[in-house]
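Asks: I would like to see how this sequence folds:
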Amino acid sequence: MNTKIKYHLLILLGLGIFFSCTKNDAFNEETDTKKGAQVFLAKANRGLQELQIFPFTDNARSISFGVGFGAVGLPASPILIKVAIDNRAFDSINVIRSNSALPLYQKFPTDAYTIDRTDVTIPKGKVSSELINIKYFSNKFDSTKDYLLPISITDASGYTINPTVKTILIVVPKLVEKAAARGKWKVTASSEELTGEGAINGHVAAVVDGDINTFWHSSWSTQEPPFPHWLAFNMVDSTYVTKIAMIPRQNNSNGFTKFKLEASLDGTVWTLIGDNLVFNPALKQAQEYPVEPNWYKHIKLTMLEGKQQSSHLAEFRVYTY
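Replies: Alright, predicted model coming up:
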């Protein structure tokens with residue numbers, strides 16, 4: 001490489017370093033100018049901030065967020081920021097939900113949360129404030145309702161508040177029931193038909209296999225015990241039970257018509273959670289039975305009477321959150 005080319009390369013390299021340093025210096029320079037500078041709520045651009053309320057607990061959970069600063073340069077003086085609960089945002093969002101035929105948000109119960117501060121400071125030479133901490137208590141919320149807590153920046157010491165990220169929307173959505181996983185369950189029965197209904201039908205495993213066209217059947221080919229018949233479900237894991245659902249056998253309507261439900265944590269001490277409940281074996285869909293929600297590991301279904309001496313069932317499900 002000749003001397004002239006080397007000379008030009010050195011000039012270009014020097015210019016690159018110069019402009020790079022100039023740019024970095026601009027971003028690191030402290031200034032009190034408010035031109036082009038904005039403050040914003042961190043997490044406000046991440047959509048709804050959903051709080052967890054299940055499993056319920058007496059202990060406080062928390063969510064934290066701060067205020068950020070964006071500009072070419074750093075603040076030369078501390079920036080005092082004020083935030084507040086934004087009731088106008090709450091009302092506006094509920095108008096939108098009402099127009100969309102959605103259930104309205106409820107305000108957070110006053111005894112369900114605390115905010116540790118509503119004034120924060122972005123220090124000199126920094127781009128973020130200390131954190132705002134909200135503690136909340138899950139057992140203070142009605143799990144059947146949706147809650148919203150909007151918090152907005154109300155004052156930024158003369159700095160522009162970015163309108164698209166000035167408000168954080170904290171929500172507690174209502175809990176939605178779901179079928180508990182049954183993969184680890186252990187099922188026993190007062191009896192089962194092991195030969196007369198085929199390789200799958202008749203066996204207790206068929207009542208938790210997820211197939212409504214298979215079914216458990218009480219014994220009938222070798223002996224035919226009368227009512228009551230029972231099925232016991234060991235869920236292995238402690239489960240917060242909210243309701244039971246059962247699906248009758250699809251090709252026969254002579255199943256049980258009355259039953260009771262018992263539940264236990266240890267499989268020894270049982271609690272009656274439903275007595276003399278009615279089941280329609282001719283209704284070929286899930287029939288649901290809400291129970292007083294609680295933690296259990298064991299559920300026992302006792303079939304009390306029916307249209308014939310034996311009985312059968314296609315599916316047994318437990319619902320939880």
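
Asks: need the strands for the stretch 1-150 of the chain, in chain order.
Replies: Counting by DSSP state E, counting those that start in this stretch, the stretch 1-150 of the chain has these strands, from start to end: 30-31, 38-41, 49-50, 61-65, 67-70, 74-75, 79-85, 106-107, 113-115, 119-122, 132-136, 147-155.

Asks: Just the mean pLDDT for the last one, thanks.
Replies: Yep, that's strand 147-155 we're talking about. In this model, strand 147-155 carries a mean pLDDT of 98.

Asks: Remind me what it packs against, helices and strands.
Replies: Other elements packing on strand 147-155 under the criterion 3 or more Cβ pairs under 8 Å, 6 or more residues apart in numbering; DSSP states H and E are strand 38-41, strand 79-85, helix 87-99, strand 106-107, strand 167-172. Yep, even glycine has a C-beta here, placed from its N, CA and C like the rest.

Asks: Work out the sheet partners of that strand and label each with its direction, please.
Replies: With DSSP bridges as the test, strand 147-155 is paired with strand 79-85 (antiparallel), strand 106-107 (parallel), strand 167-172 (antiparallel).

Asks: Make CSV out of those strands and add mean neighbour count.
Replies: CSV is the format used below for the strands paired with strand 147-155 (neighbours: other Cβ atoms under 10 Å):
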stretch, mean neighbour count
strand 79-85, 18
strand 106-107, 14
strand 167-172, 21
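
Asks: which residues in the stretch 151-300 of the chain form strands?
Replies: Per DSSP E, counting those that start in this stretch, the stretch 151-300 of the chain carries strands over the ranges 160-161, 167-172, 178-179, 186-189, 216-217, 229-247, 256-264, 271-278, 287-306.

Asks: How far does stretch 312-321 stretch from one end to the other?
Replies: 28 Å (Cα to Cα, to the nearest Å).

Asks: pLDDT averaged over it, what's the number?
Replies: Averaged across stretch 312-321, the pLDDT comes to 98.

Asks: per-domain residue ranges of the chain.
Replies: Following automatic domain parsing, one gets these domains for the chain: 30-174, 179-320.

Asks: What's the separation between the residue minimising distance to the centre of the chain and residue 141?
Replies: Closest to where the C-alpha atoms of the chain average out (Cα atoms, centre = their mean) is residue 52, at 6.1 Å. To residue 141, residue 52 is 11 Å away according to Cβ to Cβ, to the nearest Å.

Asks: Would you mark the buried spots in stretch 36-44?
Replies: By neighbour count on 16 or more other Cβ atoms under 10 Å, the buried set for stretch 36-44 is 37-44.

Asks: likewise stretch 214-227?
Replies: Buried-residue list, stretch 214-227, by 16+ other Cβ under 10 Å: 214-220, 227.

Asks: List of residues touching it?
Replies: With Cβ atoms under 8 Å, 6 or more residues apart in numbering as the test, stretch 214-227 has contacts from 189-197, 200-204, 206-207, 229, 231, 249-250, 256, 303-306, 309-314.

Asks: just the buried members of the residues you listed?
Replies: Here, 16+ other Cβ under 10 Å leaves 189-193, 197, 201-204, 206-207, 229, 231, 249, 256, 303-304, 306, 310-314 buried among those.

Asks: Filter the residues you listed down to just the ones in helices.
Replies: Among the buried ones among the contacts of stretch 214-227, none falls in helices (DSSP state H).

Asks: Now render the strands paired with strand 147-155 as CSV, adding distance to residue 241 and mean pLDDT.
Replies: Below are the strands paired with strand 147-155 laid out as CSV (distance: least, Cβ to Cβ, whole Å; pLDDT from 0 to 100):
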stretch, distance to residue 241, mean pLDDT
strand 79-85, 36, 98
strand 106-107, 26, 99
strand 167-172, 22, 98
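
Asks: who wins for proximity to residue 178 among the ones you listed?
Replies: strand 167-172 (17.7 Å; Cβ to Cβ).

Asks: C-alpha coordinates for the closest one, PDB please?
Replies: Only the C-alpha atoms of strand 167-172 are listed here, as PDB (Å, rounded to 0.1, in the frame of the first residue of the first chain):
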ATOM      1  CA  THR A 167     -50.100   5.700  32.000                       C
ATOM      2  CA  ILE A 168     -49.500   2.200  33.300                       C
ATOM      3  CA  LEU A 169     -52.600   0.000  33.300                       C
ATOM      4  CA  ILE A 170     -52.600  -2.500  36.200                       C
ATOM      5  CA  VAL A 171     -55.300  -5.100  36.100                       C
ATOM      6  CA  VAL A 172     -56.600  -8.000  38.100                       C
END
